[in-house]
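> pasting a predicted model and its sequence here:
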Amino acid sequence: METLLHWCEWLQGTTFATSLRESGYAYPIIEGSHVLGLALSVGTVMWFDLRLMGIAFKRTSVSTLFTQVRPWMLVGFTIMFVTGALLFSARATEAFNSFYFRTKMALLVLGGLNVMLFHLTVDRRRDQWNTQLPPPAAARFAGGLSLLLWFAIIAAGRIMAYNL
């Protein structure tokens, strides 16, 4: 932990991070872009999760919906990742010491595990349940858990932003 803290101190002290943090324009633009990336990625994930749960897009197969939203998810996640890394660099020490940041990171790991387990298990048999209503319990659970985790990730991120 001490090594990570020293790395955060170094990162935050770089010329780039200092310039970003002290900028009256760059930091707010990056922060706004982070929120827009979040809306794009999580917004499209939400529609997919609702389909997995059998709540929305009932007439659209899971495969068709996934094909339609996947590019938007990837663009949104890319924007979120890049802007999140930039925001972190500007306030790395404060973020590292924040309970809410650590909570957000732990929830992101859980979200990634949920996606990985879904794709390694129930999604491998998607051709068997692609149009089925309701979808299998495992698909509904993965979708519901994803929604819950994203709500918690967003909440932790917003609380963190107001407490740094």
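Perfect, thanks for sending it.

> when you work out contacts or count neighbours from here on, use the C-alpha atoms and nothing else.
Noted.

> ok, residues contacting the host helix or strand of Arg102?
Using DSSP states H and E, Arg102 falls within helix 99-120. By CA atoms under 8 Å, 6 or more residues apart in numbering, the surrounding residues in contact with helix 99-120 are 95-96, 138-139, 142, 145-146, 149-150, 152-154, 156-157, 159-160.

> stretch 90-98 too?
5, 8-9, 11-12, 17-18, 20-21, 88, 101-102, 160, 164.

> mind listing what's buried along it?
By neighbour count on 16 or more other CA atoms under 10 Å, the buried set for stretch 90-98 is 90-96, 98.

> quick check: mean pLDDT of that stretch?
Averaged across stretch 90-98, the pLDDT comes to 96.

> what is the burial count for Met73?
By other CA atoms under 10 Å, 21 other residues sit near Met73.

> who touches it in this structure?
Met73 neighbours (CA under 8 Å, 6+ apart): 40-42, 44-45.

> and it, how far from Val42?
Going from Met73 to Val42 by CA to CA, to the nearest Å gives 7 Å.

> tell me where the protein has helices.
In the chain, helices defined by DSSP state H lie at 2-13, 15-22, 26-52, 62-90, 92-96, 99-120, 126-129, 137-163, listed in chain order.

> contact partners of the second one?
With CA under 8 Å, 6+ apart as the test, helix 15-22 has contacts from 11-12, 26-27, 86, 89-91.

> make it 6 Å
27, 89-90 (CA atoms under 6 Å, 6 or more residues apart in numbering).

> so which bits of it are buried?
Buried residues in helix 15-22 (16+ other CA under 10 Å): 17, 20-21.

> ditto for the last one
For helix 137-163, the neighbour count (16+ other CA under 10 Å) marks 139-147, 149-150, 152-154, 156-157, 160 as buried.

> tell me the mean pLDDT over that helix?
Averaging pLDDT along helix 137-163 gives 96.

> the second one too?
In this model, helix 15-22 has an average pLDDT of 96.

> could you check the angle helix 2-13 makes with that helix?
70 degrees (axes from the mean of the first three to the mean of the last three CA atoms, to 10 degrees).

> thanks a lot, catch you later.
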